[in-house]
Every structure is written in C-alpha cells, then in structure tokens.
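Enquirer: sequence and predicted structure below; questions after.
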Amino acid sequence: MISATHLHAMIIHFPIALLVVGFITELIAVFIKNEFFKNTAFYLLLLGSLGAIAAYVTGSYAGEGVEEGPLKIPMELHEQAALITLWLSIITALFSVLIYFFKVKNVAAKWAGILLYSLLVISVARTGYLGGQLVFSHGAGVELALPDFNI
C-alpha cells in the first residue's frame, strides 16, 4: 500500500516543475509579448498552485509522528518553508486571476505579479532543498532493506 510519505514524494515534483516552468514562461511572455506564453504561464501557475495544495496536505500526513528526535528541527524548517510556499502560491494565483480576468494592463500590476511569482519560485526552491535535505542528509522516509543472506 502507498504510504503518505510515498504519496508526498510522488506529488511534490509536479508543482515544482509546473511553477518553475510557468515562471520561465511568464518571463518569455514579458520579453516577446506573446499571448500564447502569457496564457500558458497563467494556466501553469494555476495548476502548480493546486499541486502545491496537494503537496502540502500529503506532506502534513507524511510528517506526522516526527515531533521529537533528530528530525524535529529539519522537519519544522521544511514545514515552515512549505507553508510559506503554499500561501505564496495561493496569493500569486489569486493575483494573477484578478489581473487575467479583469484584463488589467497596468505596468505596475504586471511587475507586481512577476515579483510575486519570483518570490514563489524562490520559496519553492528553498522548500524543495529542505525537503531534499530531510531525505538525503537525514534519511527521512527511507526504509533500509538488507538482502536475505540465508538463501
């Protein structure tokens, strides 16, 4: 059966990829002023934000039971970073929805959106780094299976 840890590991890579590629697409849209890239960046942000919500929920279940011990501090850092990423993704997505549907052409609003998206991608990278540290440096969620030498 799939545990919460496995589910979190399977889900988390989608919002990371969607949000980073969406940000790159947003930058391309700014420089070449192409509607296709603007729309693509918008939908990647929405999908990535939905994925961030799913990743946060599965991560909350995966981290249950790690309130004490050597993983306590690294887990808390990752959880705090994930919460910041979650809220930044929701705020950035809502801001973009308002800009998109009200067809705001204000240059300041466009750059505010890009600033939010930049902060979101930085937060995604930090959260991913801390999550990677949990697994690769601290062995969180890793089950060691030794071979059966009694064959």
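Expert: Alright, I've got the coordinates.

Enquirer: residue ranges with poor pLDDT in this protein?
Expert: Applying pLDDT under 70 to the chain flags residues 65-67, 140-144, 151.

Enquirer: could I get the full set of helices for this protein?
Expert: 4-32, 35-62, 72-101, 107-136 (DSSP state H).

Enquirer: got CSV for those, with distance to Pro147 too?
Expert: The C-beta positions use only the backbone N, C-alpha and C, and glycine is treated the same way. CSV is the format used below for the helices of the chain (distance: least, C-beta to C-beta, whole Å):
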stretch, distance to Pro147
helix 4-32, 22
helix 35-62, 27
helix 72-101, 29
helix 107-136, 22
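
Enquirer: spit out the contact partners of Ile90.
Expert: 49, 52-53 (C-beta atoms under 8 Å, 6 or more residues apart in numbering).

Enquirer: which of those count as buried?
Expert: 49, 52 (16 or more other C-beta atoms under 10 Å).

Enquirer: now, among the contacts of Ile90, which is nearest to Ser137?
Expert: Ala52 (23.4 Å; C-beta to C-beta).

Enquirer: gap between Asn106 and Leu44?
Expert: 22 Å (C-beta to C-beta, to the nearest Å).

Enquirer: between those two, which one's more packed in?
Expert: Leu44 (20 against 9; other C-beta atoms under 10 Å).

Enquirer: Asn150: which of the helices of the chain is closest?
Expert: Closest approach to Asn150 among these is made by helix 4-32 (28.1 Å; C-beta to C-beta).

Enquirer: buried residues of the closest one, list them for me.
Expert: For helix 4-32, by 16+ other C-beta under 10 Å, it's 4-5, 7-9, 11-12, 14-16, 18-20, 22-23, 25-26, 28-30.

Enquirer: ok, now stretch 40-52?
Expert: 40-42, 44-52.

Enquirer: ditto for stretch 104-123
Expert: Residues of stretch 104-123 classed as buried: 110, 113-114, 116-117, 120-121, 123 (neighbour count, 16+ other C-beta under 10 Å).

Enquirer: hmm, back to that, any chance of the buried residues of stretch 40-52 in CSV with distance to Phe95 as columns?
Expert: Below are the buried residues of stretch 40-52 laid out as CSV (distance: C-beta to C-beta, whole Å):
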residue, distance to Phe95
Thr40, 17
Ala41, 13
Phe42, 11
Leu44, 15
Leu45, 10
Leu46, 12
Leu47, 16
Gly48, 14
Ser49, 11
Leu50, 16
Gly51, 18
Ala52, 15
